[in-house]
Each structure stands twice: as structure tokens, then as C-alpha cells.
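Peer 1: Need a 3D model of the following:
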Amino acid sequence: MLALTCAMLVSAGGHAWAQEPAVPAVPDPLPVCRLDPRDSGKLAVEPCRPAPPVQPRRSVAQVIGRMPAQPAPPLVPMAPLPPSPAVPLPGAPQPIGACDTGGCRDAAGARYNGAGNATLDANGRICHRNGAFMQCF
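Peer 2: A predicted model of the protein is given here:
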């Protein structure tokens with residue numbers, strides 16, 4: 001292989017480096033980028049250059065228009081609401097005096113009917129027993 005290389009140099013005049021042109025060659029421009037027809041996720045040739053613009057770009061003032069005026073919705077007369085019944089606030093917990101199978105009595109003697117923790121007072125309000133206290137809601 002070495003002999004073949006030497007023979008080529010001798011036949012070329014022995015000066016292979018002297019045959020280079022004095023003016024450097026202009027590299028070929030890169031082709032315009034195009035998609036591969038078989039795979040649209042790849043380029044057909046790489047490296048490539050972007051396509052030149054069809055027309056030169058020009059500056060344009062940005063115009064932001066206002067929304068059209070909306071007419072106000074018609075007023076619909078509303079009937080006044082009836083007054084709501086007063087909701088009683090929960091009372092303070094009352095200490096329980098004595099309990100039997102039908103309910104409990106507090107220290108003031110008021111009866112709470114029911115079994116377990118959920119009972120009703122004389123007005124029908126739900127009362128909850130928490131230890132030695134009864135609170136009605």
C-alpha cells in the first residue's frame with residue numbers, strides 16, 4: 001500500500017501539495033431544508049438552510065380593537081321573600097341531673113326524651129348529650 005502511494009506521488013511530479021489552487025474554493029451553499037417524504041419527522045438533507053422569505057417582512061402597527069358594547073340585561077322584578085322564621089341559637093349546655101330508660105332531666109327539671117346521646121327537649125329541638133351536659137340545637 002505504501003509503495004502504491006509513493007508511485008502516485010512520483011507520477012504526479014512529486015509535488016502533490018503544489019497542485020492546490022491559490023484561491024480557496026467557495027463552499028457550496030447548503031440546500032434548502034425540506035422534509036423527508038418517507039418520514040415527516042426528519043429532514044431530507046442535513047445540514048440545510050432555511051428557505052428564503054417569499055416577500056420581505058414589513059412592520060405593521062398592532063391594532064387592538066375594543067369589545068362591542070353589550071346591552072344591559074332586562075330587569076326582572078323579583079317578589080320580596082317572606083320573612084324567614086327566627087332560628088334559635090343553640091343554648092348553653094345544661095348539667096344533667098338524673099337519667100332513666102326514657103330520657104333525662106336537667107338540674108332545672110326540664111325533661112329530655114330519648115335514649116342514648118340524641119334526645120328531644122319539650123319544644124322538639126334535637127339535643128345532644130355530652131358526658132354530664134345536655135345541649136339543644
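Peer 1: Could you tell me the end-to-end distance of stretch 86-102?
Peer 2: Counting by Cα to Cα, to the nearest Å, you get 30 Å between the two ends of stretch 86-102.
Peer 1: Can you pull out the residues in contact with that stretch?
Peer 2: Residues from elsewhere that reach stretch 86-102 (Cβ atoms under 8 Å, 6 or more residues apart in numbering): 104-110, 112-113, 115, 125, 129-130, 132-137. Just so you know, the C-beta spots here come from the backbone N, C-alpha and C atoms, and that holds for glycine as well.
Peer 1: Over to stretch 125-137?
Peer 2: 88, 90-96, 104, 106, 112, 114, 116-121.
Peer 1: how far is that stretch from where the chain is centred?
Peer 2: Distance of stretch 125-137 from its chain centroid, counting by Cα atoms, centre = their mean, to the nearest Å, is 46 Å.
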